[in-house]
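**Student:** heads up, no residue letters with this:
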């Protein structure tokens, strides 16, 4: 019977409307991306405007189908908490922007999809595909930032050798290859 349901009728379990960790992560990721877009100039505005900016970002995100679940009435209280977290996040991004010489240069950089990105390891080539969340630059220096892991490239060769912070090193290599 299970086989008939799955393969004959092709029925699957419905997706839950409950918020999952990745829903929250994706929403906050989107807020950060929109807040830092150079064309928006949000970091050049007055700090007192951040709450209004965050509300505007939420209004825009609410129109996107892939975030519809977040804005369901049943998630009203979770959404209040997410708005507060987004406000803290954008305030942090604003303050960091003004304290650092490094400024966001690239947001959401795709690699490996349209142009091949190969990484050679032990005489084997691996084709990789991914998205680099953010790259900040200052003069000839760059910092690769991954929101989900909270990492930036502040490691050394031994971390790479032992497989620590591997993702951020791969991202840095991908960005370097895209720039050449």
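**Tutor:** Now that the structure is in, tell me what you want to look at. Only a predicted model underlies this, so the values are computations on that prediction, with no experimental measurement involved.

**Student:** Tell me where the model's unsure across this structure.
**Tutor:** The chain contains residues with pLDDT under 70 at 1-17, 113-116, 148-157, 159-165, 178-180.

**Student:** The same query, at a cut-off of 50, please.
**Tutor:** 14, 151 (pLDDT under 50).

**Student:** Okay, strands next: where are they in it?
**Tutor:** In the chain, the strands defined using DSSP state E lie at 103-111, 118-121, 124-127, 130-138, 141-146, 151-152.

**Student:** May I see those organised as CSV, with mean neighbour count and distance to residue 48 added?
**Tutor:** All C-beta spots, glycine's among them, are computed from the backbone N, C-alpha and C. Shown next, in CSV, are the strands of the chain (neighbours: other CB atoms under 10 Å; distance: least, CB to CB, whole Å):
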stretch, mean neighbour count, distance to residue 48
strand 103-111, 16, 22
strand 118-121, 11, 46
strand 124-127, 9, 48
strand 130-138, 18, 25
strand 141-146, 18, 26
strand 151-152, 18, 28
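
**Student:** Give me the neighbour count for residue 51.
**Tutor:** Residue 51 is flanked by 14 other residues according to other CB atoms under 10 Å.

**Student:** Sorry, wrong one. I was asking about residue 66.
**Tutor:** With other CB under 10 Å as criterion, residue 66 counts 11.

**Student:** Then residue 174?
**Tutor:** Neighbour number of residue 174 under other CB under 10 Å is 22.

**Student:** follow-up on the earlier one: for the strands of the chain, which one sits closest to residue 91?
**Tutor:** Shortest distance between residue 91 and the strands of the chain, using CB to CB, is found for strand 103-111: 16.0 Å.
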